[in-house]
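Engineer: pasted the sequence and its predicted model underneath.
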Amino acid sequence: MTRQRGIILEELRRINTHPSADEIYEQVRKQQPRISLGTVYRNLEILSELGEIQKLETGSSIKRFDGNPVNHYHIRCICCDRVVDAPVEPLINTSKDIHEATNYKIIGHRFEFIGVCPECSDDAVAPGLEKVKYL
């Protein structure tokens, strides 16, 4: 593993806020001032392909990254786009059931909860959210 890739991986595993590539870049630049944003993007893609990290392509336009490669779920705030780990166990039996019902060879799944985080729910209601029904 290259030195730059190792620093990017170390930084991503140090924080648990599911940062964007730009946010990771800002942190890595503190250790590697000459690193480019393109280098950070390329290395994040490589680390994702190697299974060292997770690339989170949520319902928003921003890709976020997770230093924990173990299968787990997330919850995303529809107001501020914050992403946190959801404290639930992965649906292992569901993958088996889907395989048996469809004959697909299941290689993984993504599952995202969406909601309003405590910080945003304490603020004034964002436009359009007054009509949202909570489960």
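Structural biologist: Yes, it's here.

Engineer: okay, stretch 78-91 in PDB with CA atoms only?
Structural biologist: Coordinates of the C-alpha atoms in stretch 78-91 are reproduced here as PDB (Å, rounded to 0.1, in the frame of the first residue of the first chain):
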ATOM      1  CA  ILE A  78     -32.800  14.400   4.800                       C
ATOM      2  CA  CYS A  79     -32.200  18.000   6.000                       C
ATOM      3  CA  CYS A  80     -28.400  18.200   6.500                       C
ATOM      4  CA  ASP A  81     -27.300  15.000   4.800                       C
ATOM      5  CA  ARG A  82     -25.500  13.700   7.900                       C
ATOM      6  CA  VAL A  83     -24.900  10.000   7.800                       C
ATOM      7  CA  VAL A  84     -24.400   7.800  10.900                       C
ATOM      8  CA  ASP A  85     -24.300   4.100  11.600                       C
ATOM      9  CA  ALA A  86     -27.700   2.500  12.300                       C
ATOM     10  CA  PRO A  87     -27.600   0.300  15.400                       C
ATOM     11  CA  VAL A  88     -29.200  -2.800  13.800                       C
ATOM     12  CA  GLU A  89     -27.800  -6.100  12.800                       C
ATOM     13  CA  PRO A  90     -27.500  -7.000   9.100                       C
ATOM     14  CA  LEU A  91     -30.300  -8.900   7.500                       C
END
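
Engineer: can you show me the helices along this protein?
Structural biologist: Read by DSSP state H, the chain holds these helices, from start to end of the chain: 3-14, 21-28, 37-49, 92-102, 118-122.

Engineer: who are the neighbours in contact with the closest residue to Gln31 other than its chain neighbours?
Structural biologist: The spatially closest residue to Gln31, leaving aside those adjacent along the chain, is Ile7, at 5.7 Å (C-beta to C-beta, 6 or more residues apart in numbering). Glycine gets a C-beta too; all of them are placed from N, C-alpha and C. Ile7 makes contact with Val28, Gln31, Gln32 under the criterion C-beta atoms under 8 Å, 6 or more residues apart in numbering.

Engineer: out of those, who's the most crowded?
Structural biologist: With neighbours defined as other C-beta atoms under 10 Å, the most crowded of the contacts of Ile7 is Val28; it has 21 neighbours.
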